[in-house]
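Enquirer: Please work out how this folds:
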Amino acid sequence: MMQSAGTHPLWLDHPDGQSVYFQPVRIQRVIEAAGLASGEFGEDIAQMLAREVLAHLPDGGHIRIERVEDQIEKVLLESGYHATARLCILFHSLCAAETRPATQHAMDVMNTFMAASR
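Expert: Coordinates of the predicted model:
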């Protein structure tokens, strides 16, 4: 499992205004869950991709969660993991819509993905 790199954003700002301490390992968990779900890769590649995402995030301060999500998607696409990137895009759009009415199927997909990324 990936260790904290020492230089990373200190606070992650959510759309609801909540700020939480940034946990770099969660980036690897999300990438790994998506990679396993797509069948494109597992833990080793997820760890490498997570390091790439972290390298493109600012040091210290606050960062909006959407910026982290965008960076994850960008790294996946640039690395050729298109199916995994599509899963992440779907997951992120479902999370953004969770306060709006959603179909039961969409909620089931989101809950399954979230459980796998913990």
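Enquirer: how about the strands in the protein?
Expert: In the chain, the strands defined using DSSP state E lie at 11-13, 19-21, 62-64.
Enquirer: mind checking which of those is nearest Ile31?
Expert: Nearest to Ile31, of all those, is strand 11-13, at 16.0 Å by CB to CB. (Each C-beta comes from the backbone N, C-alpha and C, glycine too.)
Enquirer: just how off-centre is the closest one within its chain?
Expert: 14 Å (CA atoms, centre = their mean, to the nearest Å).
Enquirer: Likewise for stretch 66-85?
Expert: 9 Å.
Enquirer: cool, and stretch 15-30?
Expert: Per CA atoms, centre = their mean, the centroid offset for stretch 15-30 relative to its chain is 9 Å.
Enquirer: Check which residues of it are buried.
Expert: Neighbour-count burial for stretch 15-30 flags 22, 24, 27-30 (criterion: 16 or more other CB atoms under 10 Å).
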